[in-house]
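K.L.:
Sequence below, structure please.
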Amino acid sequence: MQWYDRSYPKIIDADIVIVSVSDDSTLEVLSSIQGPLTVHTAGTVPMANLERTGVFYPLYSFTKEASVQWKTIPFLLESSRSEDMPILEEITRLIGARVFHITSDQRIKLHAAAVMVNNFTNHLYTLAKEHCDHYNLPFEVLNAIMRQGPDKAIALGPEVAQTGPARRGDNSTVERHLEQLQNPATKALYQTLSENIKKRYEL
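P.N.:
Okay, the predicted model is just below:
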């Protein structure tokens, strides 16, 4: 296995080249490499229009400080030639991850959903911590419910797992919460989400 930085050679003697660069640079780098099967790991970039190419995309949020449990990670695979797909499948199995055959169009749509379940929820955690800090409250008391939420949504399905004052139609509690929120943007977001939940459950 060989790693290259921005000074990568244009001709690489390898069975496969995996390109992991910014989305804006992905297709340019792919098209500049000659010879082997060349795939990319970008969530929203279509498969390149090349003879031997594909996609090797882990649908996961990688952070340097966090450990990775590969067996839980889905890899979304795509290849321009059917004979190259077994190569991508074997690499995925060797690292213990899960194989999914997903087209570029499907992957881009899944990426939008991934932002909602990961990036948006993490932003809500940030706002909740800001709220706790403002009132000098221990944020760690929320850890249990933060862990419970995803597990319950996976086990039961998100619609069944939904709870809270908006789900119950408890308008007085929603109003009390809005009075406590000091950040106007956070207050507006809380209200929008509460109204959306109430509308979904017709309360």
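
K.L.:
Can you show me the strands along this structure?
P.N.:
Secondary structure of the chain (DSSP state E): strands at 16-19, 37-40, 53-58, 74-79, 98-101.

K.L.:
Buried deepest among those strands, which one?
P.N.:
strand 37-40 (a mean of 24; mean count of other CB atoms under 10 Å). To be clear about C-beta, it is placed using only N, CA and C from the backbone, and glycine gets the same treatment.

K.L.:
and that strand, which strands flank it?
P.N.:
strand 16-19 (parallel), strand 53-58 (parallel) (DSSP bridges).

K.L.:
related to what we said a few turns ago, tell me which of the strands of the chain sits nearest to G169.
P.N.:
Between G169 and these, the shortest separation by CB to CB is 36.3 Å, and it involves strand 74-79.

K.L.:
Pull the residues that contact that closest one.
P.N.:
With contact meaning CB atoms under 8 Å, 6 or more residues apart in numbering, strand 74-79 is reached by 37, 39, 47, 53-60, 85, 88-89, 92, 97-104, 106-107, 110.

K.L.:
Near the closest residue to I11 other than its chain neighbours, how many other residues are there?
P.N.:
Excluding the flanking residues, the one nearest I11 by CB to CB, 6 or more residues apart in numbering is Q34, at 5.2 Å. Q34: 11 surrounding residues under other CB atoms under 10 Å.

K.L.:
Q34 contacts Y8, correct?
P.N.:
No: using CB atoms under 8 Å as the test, Q34 is too far from Y8 to be in contact (11.7 Å).

K.L.:
if I look at D13, how far off is Q34?
P.N.:
Distance, D13 to Q34, using CB to CB, to the nearest Å: 11 Å.

K.L.:
coming back round to it: the residue nearest to I11: what's it in contact with?
P.N.:
Applying CB under 8 Å, 6+ apart, we find Q34 in contact with K10, I11, I12.

K.L.:
again, only using 10 Å
P.N.:
Q34 makes contact with P9, K10, I11, I12, V17, according to CB atoms under 10 Å, 6 or more residues apart in numbering.

K.L.:
Tell me the pLDDT of it.
P.N.:
With respect to pLDDT, Q34 scores 83.

K.L.:
do the same with E159
P.N.:
pLDDT at E159 comes out at 94.

K.L.:
which residues of this structure score low on pLDDT?
P.N.:
Where the chain drops to pLDDT under 70, the residues are 203.

K.L.:
May I see the buried residues of the top helix by length along it?
P.N.:
Secondary structure of the chain read by DSSP state H shows that its longest helix is helix 184-200. Burial within helix 184-200, assessed by neighbour count using 16 or more other CB atoms under 10 Å, is assigned to T186, Y190, Q191, S194, I197, K198.

K.L.:
now swap in stretch 171-186 and tell me
P.N.:
Within stretch 171-186, the residues that count as buried by 16+ other CB under 10 Å are V174, H177, L181, T186.

K.L.:
ditto for stretch 104-117
P.N.:
S104, R107, L110, H111, A114.

K.L.:
Can you show me the helices along this protein?
P.N.:
Listed in chain order, the helices found in the chain under DSSP H are 23-32, 85-94, 104-114, 121-134, 143-156, 158-161, 165-168, 171-180, 184-200.

K.L.:
CSV please, covering those helices and showing distance to Q69.
P.N.:
Listed next are those as CSV, based on distance: least, CB to CB, whole Å:
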stretch, distance to Q69
helix 23-32, 25
helix 85-94, 15
helix 104-114, 17
helix 121-134, 18
helix 143-156, 14
helix 158-161, 22
helix 165-168, 31
helix 171-180, 35
helix 184-200, 30
